[in-house]
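Undergrad: need coordinates for the following:
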Amino acid sequence: MRGGRVVAMVVGAIMLLAGFAIAVGGTALVVIHATQRDAAGFYGTGTERFATSTAVLTADVNLGPADRVAAAPVGTVRVRATAPDGSPLFVGIAAADDVSRWLAGTSYDEVTGLDPVDTRLVTGVGAVTAPAAQPFWAASVSGTGTQEVTWRSEDGRWAVVVMRPDARPGVVADVDVGARTGVLLPVGIGLGVAGLLLLGTGVFLALLAVGSAPAGTAEAAAPRVPGSYPVRLDGRLDTAMSRWLWLVKWVLVIPHGIVLALLWLAVVPLTAVAGFAILFTGRYPRPIFDFNVGVMRWTWRVWYYSYGALGTDRYPPFSLRPDPGYPADLAVDYPQRLSRGLVLVKWWLLAIPHYLVVAVFAGGWAGWVGEDQRFSLGGGLVGLLVIVSAVVLLFTGRYPRPVYDFVMGMDRWCFRVLAYAALMRDEYPPFRLDTGGADPGTVPAVPAGPAGPAGPAGSAGTQDSGAQLVGAPS
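TA: Numbers count the residues shown, from 1 in each chain. Presented below is the predicted three-dimensional model:
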């Protein structure tokens, strides 16, 4: 795949992704405008019950500088409060600094969250004075029944206060807050139009990249053993490796990481496009297939060089193409036909058992305990064993071969699942560790000599005694 086509496909895919996200956001705003307003045109939060043993319930509202939006930052704010027992309530809006000075040294409750409702108790020993005696209210109302205050918003930090008019402690109120603004609909329409324009430009660039492929330039798959799995991942362990280079490889791979981040950003929407193509035609568009396999191949080389295997000191090439001379390569056979039905379920439902295994191998577990505590597991077994091997290499100058073989088996499992989830094959990945550097599906070739001169990260070692890695012809 030539550089111009790669750039067009990457830029087009990024535009597709950005356009889709912007269009969805704009559509959501239009839907909210059409469905979430009441008869008076206010967007509401819904009614929530608040109860406090103190005399004051308050909440900060930070509206920001007014010059960020042509009109007022929000428009008109409305606060309604009702005491369930019919007792009178005071509702007021004032500058947050004025409210803070007024309540300094007293006890009050501050609302810190609405979903779910959460408050924070601020303790003090002083008594709160009656709200009607304060001159700083921008808007206020007091009385029995439902009390409603509306206020034309201004920039800055403001506070909403709900309390009894006589400042007695013990406040129970059903409160809802709403806002009316004229900017939501035009912003939603503008985002929708911008998203559609980006989508159209992205589709054009992607089609331009796909349609400009000269005949006969598709990359052929590497030879494989008949009956083996059609995703093959290979590596040759260098026998003469630097003891210390692994300490700085995380710095050396930064340029690759930047490029790969952009490439994977393109893979996601392109895989979605391929999924629709499979659904309607039963075929994976060949240019997209070659591009996605190339990104996976590039990723595997960087992973093999760095902390996914540490199997070589040869710097990875900046290339999507097969390179039999590099000690790590990946090949995926192009499928002539794919199931239209499986494309809907294999990448999420059918792959769940494999995802659990991959989470152990490569890391990525995450979860929550309680409301605020979060736990996660990163790195996985591959990272742990590679670091152990790196320490052994540091002190002995040798990479423990049994550990390398086991790590390669786990890497091989992960990339097979990746290819399956990316819709490239219908064959279900096997539940087995094919350990060792050479994939059992790769046709062995005549062993080659030393790997040649090293790239910028170090010098190459000699190849191991395993089979020569065979990649696809360029």
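Undergrad: for the rest of this, base every contact and every neighbour count on C-alpha atoms.
TA: Noted.
Undergrad: low-scoring stretches of the stretch 301-450 of the chain, by residue?
TA: Residues of the stretch 301-450 of the chain meeting the criterion pLDDT under 70: 364-379, 445-450.
Undergrad: again, 80 this time
TA: Low-confidence segments of the stretch 301-450 of the chain, defined by pLDDT under 80, are located at 364-379, 444-450.
Undergrad: before we move on, what about the stretch 151-300 of the chain?
TA: Low-confidence segments of the stretch 151-300 of the chain (pLDDT under 80): 203, 206-224.
Undergrad: can you give me the helices in it?
TA: With DSSP state H, counting those that start in this stretch, the ranges of helices along the stretch 151-300 of the chain come out as 184-211, 249-252, 254-281, 286-305.
Undergrad: what are the buried residues along the shortest one?
TA: The neighbour-count check on helix 249-252 (16 or more other Cα atoms under 10 Å) flags residue 249 as buried.
Undergrad: please apply the same query to the first one.
TA: By neighbour count with 16+ other Cα under 10 Å, helix 184-211 contains the buried residues 184-185, 188-206, 209-210.
Undergrad: give me the residue at the spatial middle of this structure.
TA: Nearest to the mean C-alpha position of the chain, by Cα atoms, centre = their mean, lies residue 265 at 10.4 Å.
Undergrad: surely that one touches residue 14?
TA: Yes - Residue 265 lies in contact with residue 14 (Cα atoms under 8 Å); the separation is 6.3 Å.
Undergrad: of all the helices of the stretch 151-300 of the chain, which one comes closest to residue 441?
TA: Closest to residue 441 of these, according to Cα to Cα: helix 286-305, at 16.5 Å.
Undergrad: what packs against the closest one?
TA: helix 254-281, strand 328-332 (3 or more Cα pairs under 8 Å, 6 or more residues apart in numbering; DSSP states H and E).
Undergrad: can you give me the angle the longest helix seen in the chain makes with helix 184-211?
TA: For the chain, the helix with the greatest residue count under DSSP state H is helix 3-35. Interaxial angle of helix 3-35 relative to helix 184-211 (axes from the mean of the first three to the mean of the last three Cα atoms, to 10 degrees): 160 degrees.
Undergrad: on that earlier part again, OK, contacts around the residue nearest to the centre of the chain?
TA: By Cα atoms under 8 Å, 6 or more residues apart in numbering, the residues touching residue 265 are 10, 13-14.
Undergrad: which single one of these is nearest to residue 129?
TA: Closest approach between these and residue 129, by Cα to Cα: residue 14, at 58.4 Å.
Undergrad: roughly how far apart are that closest one and residue 263?
TA: For residue 14, the distance to residue 263 equals 9 Å [Cα to Cα, to the nearest Å].
Undergrad: end-to-end on stretch 226-239?
TA: One end of stretch 226-239 to the other measures 31 Å (Cα to Cα).
Undergrad: buried residues in that stretch?
TA: 229-239.
Undergrad: so which of those residues are in strands?
TA: Under the assignment DSSP state E, the buried residues of stretch 226-239 contribute 231-235 to strands.
Undergrad: and which of those residues is nearest to residue 344?
TA: Taking Cα to Cα as the measure, residue 344 sits nearest to residue 231 out of those, at 20.9 Å.
Undergrad: list the residues that contact that closest one.
TA: Shown in contact with residue 231 (Cα under 8 Å, 6+ apart): 330-333, 415-416, 419.
Undergrad: neighbour-wise, which of those leads?
TA: For those, counting by other Cα atoms under 10 Å, the largest number of neighbours falls to residue 330: 30 neighbours.
Undergrad: tell me what that one is bridged to.
TA: Note on residue 330: beta-bridge partners residue 233, judged by DSSP bridges.
Undergrad: related to what we said a few turns ago, most tightly packed of the helices and strands packed on helix 286-305?
TA: Ranked by mean neighbour count, the helices and strands packed on helix 286-305 are led by strand 328-332 with a mean of 27 (mean count of other Cα atoms under 10 Å).
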